[in-house]
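A.B. asks: Got a predicted structure plus its sequence, pasted below:
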Amino acid sequence: MAARIIAEAKKRFEAYTTANDTSIIHPSLRIAVFRIAIREGGDKEYEAVKNYFRTTTSTDGREIALLSMGRVQNVQLARDFLDFMFSPAVAVQDIHSAGSSLAQNAKTRGLLWEYIKEHWDSKVFPTLSGNMVVLERFLKCCLNKFASFEVEEDIQKFFEGKDKRGYDRGLGVIVDTITAAAKYKERDAALVREWLSTHGYL
């Protein structure tokens, strides 16, 4: 991403969150600017978006915040976000948006899966199992970005023996999606890498 675009986004984000100049970011660009600020920033930017989540009156403001906060680049902030998304501050029906944002981030995707396993009995299942549609959607959003036979096997092993009524079909879709992505990666990764290198992307 061009340095000037990042610099402009950070400048507008700063004005938006500290000077309360909401006119400086067009509503259609808010999520892009927030994501850049989170990815390129640190604690300050993360806390600013978290505060925005708590105070916004915009109809889509909370979703934008959750989809942006998942672009964090360090483990400490990712763990804080994971705890935050299962806190009373985030509505149950919105948790999948937070999970989706972490799943799309290569630096936090694995941590998200480890968190789900570690907190399945204490947070994830108790919080989301009141509506199996919500639980299934959350799992799909969190796990369908992997492209690893090892992760696919780990997912199957983790859920083996668990009562999967209500979300078993979703798990089947997840496993099939990961398997297909892993096969594609195994078959074509070298060709894609060569093309990216030839065209100056690597």
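C.D. replies: Happy to help now that I have it.

A.B. asks: which residue ranges form the helices in the protein?
C.D. replies: Listed in chain order, the helices of the chain (DSSP state H) span 3-18, 30-40, 43-55, 61-69, 75-85, 95-103, 109-118, 125-128, 132-143, 149-159, 168-198.

A.B. asks: Run the angle between the third one and helix 75-85 for me.
C.D. replies: Taking axes from the mean of the first three to the mean of the last three CA atoms, to 10 degrees, one finds helix 43-55 and helix 75-85 inclined to each other by 10 degrees.

A.B. asks: So, low pLDDT: which residues of the chain?
C.D. replies: Within the chain, the stretches with pLDDT under 70 are 1.

A.B. asks: please redo it, this time with the cut-off set to 90
C.D. replies: Residues of the chain meeting the criterion pLDDT under 90: 1-2, 18-22, 57-59, 185-186, 188-194, 196-202.

A.B. asks: show me the contacts for residue 26.
C.D. replies: Residues counted as contacts of residue 26 (CB atoms under 8 Å, 6 or more residues apart in numbering): none. For glycine as for every other residue, the C-beta is placed from the backbone atoms N, C-alpha and C.

A.B. asks: From residue 101, how far out is it?
C.D. replies: According to CB to CB, to the nearest Å, residue 26 stands 21 Å off from residue 101.

A.B. asks: Then residue 77?
C.D. replies: 12 Å.

A.B. asks: Number of residues surrounding residue 160?
C.D. replies: The tally of other residues near residue 160 (other CB atoms under 10 Å) stands at 8.

A.B. asks: Cool, thanks, talk later.
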